[in-house]
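Asks: Pasting the sequence and the predicted coordinates here, then a few questions.
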Amino acid sequence: MSGVPVLFARLADYISKNFNYHVQIVDYKDGVMADMLKSNKKITLIEFRDGQPTEMVKDTTVIMQSILPNTIRPELNLKADTKILFWTLFHYNLVPDFLPIKGLRHIHHNSSFLKGLGFTIKEHYYKKLKIFVTELHKKGSLYFMDYSTYEITDQFLFLNSIEPIIIPICIDEIEKNKDAVKNNDQSTFNICWVGRIEDFKTSILQYSINEVKRYADHSGSKIQYNIIGYGRDVEKVKTSIRNSEHFTANFIGEMNVNSLNDYLTKNVDLLMS
């Protein structure tokens, strides 16, 4: 589970309950969105199956995370006149890979030389992509979650300072439950991380763990750092941690999103991100 399907599931749920629209989602039968929304009878599932075209999606607007057009899954069966809205939720959604080789895909992100080399290698593709993105913007079909997300896109595609349309990510509506509030009368302070443990997020997680441990050892405060999530770097993070008298890391693993709010309310003092 990652943040994007949770975000889109909540968006679909909100639209179905507050507007007079017929809402559909495209997902695997046992996918995160399908699971989160199975109790909402106003939403219908267009089942996604690897290697098989979906049923025809027509007479609608498709809202999806921004994606390079050549990487859109061929199984997605869209009628030619279907309206598409791209929402850029990651800085590099619209940035091509440097080379299609693991370990070399994203090395140009922080290097001006490699960034220029990547543009030279794929100059024709970059020019076509710029036209595609500019046309999306002109038609009001391209949104960014914040200005920094636009800035990174601009750095790679040279968008000539278009005025981006910003739609920030939103949070779920949660009713306050006084009876569920965590009891703070205890000796251990509980910190929590929720998210994938891989890719660019790994270094952020490791940095926050190291800083919290340094604070705990220096201050003598007892702190438990709870990690909810999974990914290919779990073992890498685990082996890098040295628990101490004052600091303990607790790897919880996966948690159903429907149980998450209750867990955070009852067990966590501070959430890291």
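Replies: Sure, I can see it.
Asks: ok, which stretches of the chain are strands?
Replies: For the chain, strands defined by DSSP state E occupy the ranges 23-27, 43-47, 61-65, 83-88, 142-144, 188-194, 222-228, 247-253, 270-272.
Asks: Quick one: list the elements packing against the lowest-mean-pLDDT helix or strand in the chain.
Replies: Within the chain, no helix or strand scores below helix 112-121, which has a mean of 82 by mean pLDDT, DSSP states H and E. Other elements packing on helix 112-121 under the criterion 3 or more Cβ pairs under 8 Å, 6 or more residues apart in numbering; DSSP states H and E are helix 147-157. For every residue, glycine as well, the C-beta is placed using N, CA and C.
Asks: angle of the helix it packs on against helix 112-121?
Replies: 60 degrees (axes from the mean of the first three to the mean of the last three Cα atoms, to 10 degrees).
Asks: Just name the most buried of the strands of the chain.
Replies: Greatest average neighbour count among the strands of the chain goes to strand 142-144 (a mean of 24), per mean count of other Cβ atoms under 10 Å.
Asks: Check the offset of it from the chain's centre.
Replies: Remark: strand 142-144 is offset 15 Å from the chain centroid, using Cα atoms, centre = their mean, to the nearest Å.
Asks: can you check stretch 233-249 too?
Replies: Distance of stretch 233-249 from the chain centroid (Cα atoms, centre = their mean) equals 25 Å.
Asks: what does stretch 81-92 give?
Replies: 13 Å.
Asks: got the contact list for that stretch?
Replies: 4, 7, 57-58, 60-67, 78, 94, 106, 109, 136, 141-145, 148-150, 152-153, 167, 169 (Cβ atoms under 8 Å, 6 or more residues apart in numbering).
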